[in-house]
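> I'd like to go over a predicted model; first the sequence, then the structure.
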Amino acid sequence: MSPEELFEEGAFLLFKQQFEEAIQYFSRALEADPQMTKAYQARAAAYLKLERLDEAEADLQQALQFEPKNPRLYFRLGQVFYRKSQLTKKEEERKALLEKALEIFNQAIDLEPLYAAAFMARSQVYRDLGEEELADFDLDKAVAVQRETAKARKLVDF
């Protein structure tokens with residue numbers, strides 16, 4: 001199988017929530033093509049679902065070496081740090097992880113200013129940090145972006 005075929009099979013398994021099997025296909029795709037960014041991103045998504053956060057982070061960091069301006073990679077990396085913040089029992093570590101997630105979601109938004117999911121994720125981080133006004137602002141921004149995107153689709157699709 002070609003790297004693209006391996007990736008497609010992995011993507012199908014990921015969709016079916018067969019995460020371990022998907023990881024195997026993405027790994028094989030990456031053995032054949034070590035610069036296949038989408039395979040790193042997809043494998044990271046599977047790792048994230050399995051709570052294998054360090055592996056997800058490593059894949060996303062690797063993918064960013066090839067596509068440093070890809071907002072979705074930053075979004076997914078922000079999710080990793082946010083999830084790590086939820087798992088730690090130490091308050092100081094939790095806050096540091098939330099701050100890191102915030103920084104990374106900011107990078108995603110800087111690269112794609114109309115990234116509704118990133119605004120929603122950043123809103124949750126602000127809420128967890130006790131910044132209710134900023135959280136509400138980002139939530140409103142996410143809704144506004146979604147609304148404008150829907151309007152644009154109506155115009156294009158008639």
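Arrived safely, thanks for sending. Residues are numbered from 1 along each chain as shown.
> Give me the distance between E131 and R122.
Remark: distance between E131 and R122 (CB to CB, to the nearest Å) = 10 Å. To be clear about C-beta, it is placed using only N, CA and C from the backbone, and glycine gets the same treatment.
> Kindly apply the preceding question to K49 instead.
Going from K49 to R122 by CB to CB gives 21 Å.
> between the two, which one's more packed in?
For K49 and R122, the more surrounded residue by other CB atoms under 10 Å is R122, and the numbers stand at 28 against 14.
> my guess is that one contacts F105, does it?
Yes: counting by CB atoms under 8 Å, R122 does reach F105; the two are 4.1 Å apart.
> any shared contact partners between those two?
Common contact partners of R122 and F105 (CB atoms under 8 Å, 6 or more residues apart in numbering): G78.
> where does the protein dip in pLDDT?
Along the chain, the model assigns pLDDT under 70 to residues 150-158.
> Break it down into its domains, please.
Using automatic domain parsing, the domain parsing of the chain gives 1-68, 94-158.
> So for S85, which of the ones you listed sits nearest?
Minimum separation from S85 across the domains of the chain (CB to CB) falls at domain 94-158, 3.7 Å.
> distance between the closest one and the chain's centre?
Put simply, domain 94-158 sits 13 Å off its chain's centre (CA atoms, centre = their mean, to the nearest Å).
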